[in-house]
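*Asks:* Sequence and predicted structure below; questions after.
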Number of protein chains: 2
Amino acid sequence: MRLGAFLSGSGAHGASWRHPAADADASLNVQRYVEYARALERGRFDALFLNDNVAVGSLDPQVLARSAHSLRWDPLTLLPALAMTTRHIGLVATANTSYNAPYNLARTFASLDHLSGGRAGWNLVTALIGGENFNRDEHLEHAERYQRAQEFFDVVSGLWDSWADDAFVRDKASGIWLDVTKMRVLDHQGRHFQVRGPLNAPRPLQGWPVIAQAGSSEAGRELAARTAELVFTAQQTLEQGRAFYVDLKERLARHGRDEEALKIFPGISPTVGRTLSEAEEKYQALQDLLDPQAQLKGLSYLLELGFDLSALPLDARVPLPEQVPSTERHKSRQQLVIDLIRRERPTVAQLLRSLSASGHKVLVGTPAQIVDELAAWYEAGAADGFNVLFTHLPGAIDDFVEQVVPQLQRVGLFRREYEGRSLRENLGLRRVANRYF
Amino acid sequence: MRLGAFLSGSGAHGASWRHPAADADASLNVQRYVEYARALERGRFDALFLNDNVAVGSLDPQVLARSAHSLRWDPLTLLPALAMTTRHIGLVATANTSYNAPYNLARTFASLDHLSGGRAGWNLVTALIGGENFNRDEHLEHAERYQRAQEFFDVVSGLWDSWADDAFVRDKASGIWLDVTKMRVLDHQGRHFQVRGPLNAPRPLQGWPVIAQAGSSEAGRELAARTAELVFTAQQTLEQGRAFYVDLKERLARHGRDEEALKIFPGISPTVGRTLSEAEEKYQALQDLLDPQAQLKGLSYLLELGFDLSALPLDARVPLPEQVPSTERHKSRQQLVIDLIRRERPTVAQLLRSLSASGHKVLVGTPAQIVDELAAWYEAGAADGFNVLFTHLPGAIDDFVEQVVPQLQRVGLFRREYEGRSLRENLGLRRVANRYF
């Protein structure tokens, strides 16, 4: 079993920054993230993932006043810093293919992979929001975003293969720096991109950084089946998780890839207590710090449910939403919520709880209960590992590392020491061969 | 007097990587740059500057085989790493306004400024080359690049002012994260950019990072007079340096700025010896490692002289070049070379020496001779400080820090300890006030 940590701000819960054991300044003070990364490394996590968005989101004053999401570290600035203060943990940056240039991102990840000693990963997203900050009236549409993403990936990975691993001979005596026969000029001419190359950076140490993705729509699954090596997914039940796992693994063969080439990490958001009731109290104390109105407005904005949840009483049953709107902005997360509402017919308060970790599974219990749940998913073939969304930082990391990880190690489900030096080696992924050399 | 270090690859000389005291793997091994930054900090340098380009450059196999310029660290990936391994030195990244999106760069520099404790600087360039890697058949033209740069700067600096310095109250008790009256939505609608904002990053610690520039053309000087706080320039003689200094400082008043708001750093490339002849021998030993043919081809490509220098014998006088071509790709550096050829009527070999540091002044001598030269420029009002282009890394840094800096300190021209905590404080630049709050 493998473990990733999905980090953002002061935690994954809407009220995380208000928790007494949370750093309210985590988005401003780099030392906080230095400490989180060290704690995760003590817990032998495979990787830490930095979430991202290229816009503040809803500008509704009621949402903004209480949400910590208006501030973010730039992942590709923070991770090089953390590379210098850690030795083993993988460093996965979210970066979008809609509002970046492939040449720039290819360089950045190549540099990050070198300076971290082969620990870089790229969480390739198409961006949920942000067009208004990048010369557009509207956010790019879903289908267009995915077409662009496919081509973007081809350009970036082509640029990474610009040089054979042994191209730079650097022979001081003869003055030969480069064996020019080991350079490949990409000369890409496509629908969205025209990029000559070669990249002015060495080939990444891992061949390519590890490619992560989180899309669950049809287009997202196809992109993942073709390109991803690590997939994060929000699944509420083991059955759904198993169905997603089987579907995605089956798609791999069509792209000439074997099952081991892609690892699937459902997200979980754990709250750990010595007893179940202690865990429930801890969780409820955090829920009580939420401002339901602001939270529900923010959810309604992100999910485009077609109605404003904040206008309903907390004990009212959530109405059945209409089908996904035709703009298809971020279909899979909307579908998850629609499924959940259909299946559970929750009240507004219950929905708020289920979505307190952005739709990822909320796990509240003792270390043994949490380990049992993770083991059940892992052994049923619904997960190769888990992406942990900590309710608040650093408190929830400490709880998990000190209480859950040792239990996972005792039952033989999780490593006691890192197996390899690169992120690929720890995840059990092969180094990527250069397509040209 | 202030000092910057302009770093790139294994040094600023065409044969730097071949020097016995140079690290040939400086573009691949981050520990090398960690050591350079520490050495510069021991020498009390104000800042280190990372040069950049978004293309390999000439793909002529003869040039490529022998030039180390095909590999570069991405400056905005390397500097966050160096921020964690240094405490005082300013960290200035070159980043271009032609092939980036302003929202992305504004975030990156805001993050870098926070994680370095207020030590970030942006060397704003319009890019010398690279269009072919960014969806263009041709590189953007000079005038178009500078128009775009002006607007790019306005957008980026507007985004940095998205939030008052005290906007994020983060009051756990009340649940108020943000004082929404202290947010400003930019809503920029211009010729090149349409950017709503606000930036999803806090205001930089320094208000804005220090803005550096290196353009010397008319358009470049005007952009600098309006926006720059630190200008690097290539000047071959004290008279030229003085004329440039006076011209640029005089322009400031027209933009409502005082003379202290902009510091001018001519570039120098020193070779230090205990005697002049030892210094000359050291310099000549490095020159002897150049392959003149490859070097001259590369120069002809970059400078667009209108003829191929490599076709001439080394002892031939360089013909008078034609006027600057109409494409105006990078006029100021071309003009410098034309002026030099007119003034000195050099042989090809002499030109190769004068341009061995990309047109920056080559200084060969004893520590006392070098200090005398720097003092003369400084006292004549031709320089507020100098940007040092080291011939090779780390050898030339060690020579300068151990031999020249102590001499500068003894004569009272240079600091013994850092004055402040931020780059602005060390450079004697004011923190930028928020235009909105």
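*Replies:* It's in.

*Asks:* Strands of chain A, start to end?
*Replies:* Defined through DSSP state E, the strands belonging to chain A, from first to last, are A:2-7, A:47-50, A:90-96, A:120-125, A:188-189, A:194-195, A:210-213, A:230-233, A:263-272, A:361-365, A:385-388.

*Asks:* and the residue nearest to A:R333 when sequence neighbours are not counted, how many neighbours does it have?
*Replies:* Distances taken as CB to CB, 6 or more residues apart in numbering or on different chains put A:G359 closest to A:R333, at 5.8 Å, once the chain neighbours are dropped. C-beta here means a position set from N, CA and C on the backbone, and glycine is covered the same way. The tally of other residues near A:G359 (other CB atoms under 10 Å in any protein chain shown) stands at 23.

*Asks:* What pLDDT does the model give A:G359?
*Replies:* Residue-level confidence at A:G359 comes out at 81, pLDDT.

*Asks:* so what's it up against?
*Replies:* Contact partners of A:G359, counting by CB atoms under 8 Å, 6 or more residues apart in numbering or on different chains, are A:234, A:236, A:333, A:336-337, A:340.

*Asks:* now for the top helix by length along chain A, which elements pack on it?
*Replies:* Scanning chain A for the longest helix, with DSSP state H as the assignment, gives helix A:142-160. Using 3 or more CB pairs under 8 Å, 6 or more residues apart in numbering or on different chains; DSSP states H and E as the contact criterion, the elements in contact with helix A:142-160 are helix A:102-115, strand A:188-189, helix A:218-227.

*Asks:* Comparing these, which yields the minimum mean pLDDT?
*Replies:* In terms of average pLDDT, helix A:218-227 trails the rest of these, at a mean of 94.

*Asks:* So what touches that one?
*Replies:* Applying CB under 8 Å, 6+ apart, the contact partners of helix A:218-227 are A:124, A:142-143, A:146, A:149-150, A:153, A:157, A:211, A:213-215, A:231, A:247-248, A:251-252, A:254-255, A:257, A:262, A:332.

*Asks:* Can you give me the buried ones in that helix?
*Replies:* Neighbour-count burial for helix A:218-227 flags A:219-227 (criterion: 16 or more other CB atoms under 10 Å in any protein chain shown).

*Asks:* Near the residue in the stretch 251-400 of chain A positioned nearest to chain B, how many other residues are there?
*Replies:* Chain B sits closest to A:D291 of the stretch 251-400 of chain A, with a gap of 5.8 Å, by CB to the nearest CB. In terms of burial, A:D291 registers 20 neighbours under the definition other CB under 10 Å.

*Asks:* quick one on the thing from earlier: which one among the contacts of A:G359 gets closest to B:N135?
*Replies:* If you rank the contacts of A:G359 by distance to B:N135 using CB to CB, A:R333 comes first, at 30.9 Å.

*Asks:* and the residue of the stretch 251-400 of chain A closest to chain B, what does it touch?
*Replies:* For A:D291, the residues meeting the contact criterion (CB under 8 Å, 6+ apart) are A:15, A:66, B:175.

*Asks:* Roughly how far does A:L296 sit from A:R18?
*Replies:* Remark: distance between A:L296 and A:R18 (CB to CB, to the nearest Å) = 17 Å.

*Asks:* Who has more neighbours out of these two?
*Replies:* In terms of neighbours (other CB under 10 Å), A:R18 is the more surrounded of A:L296 and A:R18; the figures are 27 against 22.

*Asks:* Look up how far B:G175 lies from A:G395.
*Replies:* Using CB to CB, one obtains 18 Å as the distance from A:G395 to B:G175.

*Asks:* no wait, A:H13
*Replies:* Note on A:H13: its distance to B:G175, by CB to CB, is 13 Å.
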